[in-house]
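My questions are about this predicted structure, shown below with the sequence.
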Amino acid sequence: MATPSSDVVLHTPDSVHNPPVDLDLEAFMGTWHVTYSTLPLWKDKKDVTITYALKPGGKEVQFDDTVEYRAHGADATSAPSRITGVDTLVTSPTSPAAAGTPPAPTRYKWRGKGWLAVATSRWAVLGCSADPSPANAHAWAVTYFAKTLFTPAGLDVYARTPRGLPAELVREIVARAAALGGEAGALAGGFFEVERSGVERGPGVC
């Protein structure tokens, strides 16, 4: 396993406090490709994308969340399956010294739309590139999904293009996740590459 480098900084998931990632939320919006994951639900899927779109106005920070994917054997031109929901920023309790300081925009409660309106989950951004915008072809992010009644906890690695990230960068991300220890560190041992149509699987990096 690669030795973690200073180029990749990840934070431990916390059910109370928001991971202190210096995140430009507007730049984080747009479509991300899930290129590596530990979540079992992606093992028989491909072309997994997650698209975020900020909802204007309102007292809470919210954005639409659209997940699209294809079954492993589906044609690359077939219509993808879709899951839609809304993410709402979860705020951390603040100490008197931190009063007035907004929490990092990194921890969210997801609620499904339509027939999934009764479904909820919690997730967080554990780290991302300094420039996470769609204009940066090497942008990356690591997200943590808390355990629910139906799914185990897991980690995803996001990239802005279906081609994904350089192998060495992926190795650094996996190593840094493992170095977190605890639940996240244990999860990092289960990373696998998520299939993308027209993209050859990379060399073993996990």
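Looks like it came in fine. Note that the coordinates shown come from a computational prediction; the quantities given were computed from them, not determined experimentally.

show me the contacts for Pro105.
Asn18, Leu23, Leu25, Val61, Leu89 (C-beta atoms under 8 Å, 6 or more residues apart in numbering). In short, each C-beta sits where N, CA and C put it, glycine included.

tell me the pLDDT at Ala99?
For Ala99, the pLDDT comes out at 56.

Report the beta-bridge partners for Gln62.
Gln62 has the following beta-bridge partners by DSSP bridges: Thr88.

so it sits right up against Asp87, yeah?
Yes - if you go by C-beta atoms under 8 Å, Gln62 and Asp87 touch, sitting 6.5 Å apart.

which of the contacts of Pro105 are buried?
Buried by 16 or more other C-beta atoms under 10 Å: Asn18, Leu23, Leu25, Val61, Leu89, out of the contacts of Pro105.

got a list of what the closest residue in space to Arg196 that isn't next to it in sequence touches?
Leaving out its chain neighbours, the residue that sits closest to Arg196 by C-beta to C-beta, 6 or more residues apart in numbering is Pro162, at 4.4 Å. Pro162 makes contact with His33, Thr35, Asp47, Arg196, Ser197, Gly198, Val199, according to C-beta under 8 Å, 6+ apart.

Quick check: end-to-end length of stretch 55-63?
Terminal residues of stretch 55-63 lie 5 Å apart, using C-alpha to C-alpha, to the nearest Å.

what about the strands in the protein?
Here the chain has its strands, by DSSP state E, at 30-37, 45-54, 62-71, 81-89, 107-112, 120-128, 140-145, 154-159, 192-193.

how far away is the residue sitting nearest the centre point of the chain from Lys46?
Nearest to the geometric centre of the chain sits Thr143, at 3.1 Å (C-alpha atoms, centre = their mean). Using C-beta to C-beta, to the nearest Å, we find Thr143 at a distance of 19 Å from Lys46.

The longest helix along the chain - contacts with which helices or strands?
Longest helix of the chain, by residue count under DSSP state H: helix 167-179. Using 3 or more C-beta pairs under 8 Å, 6 or more residues apart in numbering; DSSP states H and E, the elements in contact with helix 167-179 are strand 30-37, strand 140-145, strand 154-159, helix 182-188.

and the angle for it with strand 154-159?
150 degrees (axes from the mean of the first three to the mean of the last three C-alpha atoms, to 10 degrees).

How far away from the center of its chain is helix 167-179?
Remark: helix 167-179 is offset 15 Å from the chain centroid, using C-alpha atoms, centre = their mean, to the nearest Å.

as a whole number, average confidence for that helix?
For helix 167-179, the mean per-residue pLDDT is 96.

just stretch 64-76 next, same as before
96.

If we go by neighbour counts, what in stretch 146-157 is buried?
Ala146, Ala153, Gly154, Leu155, Asp156, Val157.

which one of those sits closest to Arg122?
Ala146 (4.3 Å; C-beta to C-beta).

show me the contacts for that closest one.
Per C-beta under 8 Å, 6+ apart, neighbours of Ala146: Pro13, Ser15, Ser121, Arg122, Trp123, Ala153.

just to revisit the earlier point, what is the orientation angle of the longest helix of the chain with strand 140-145?
30 degrees.
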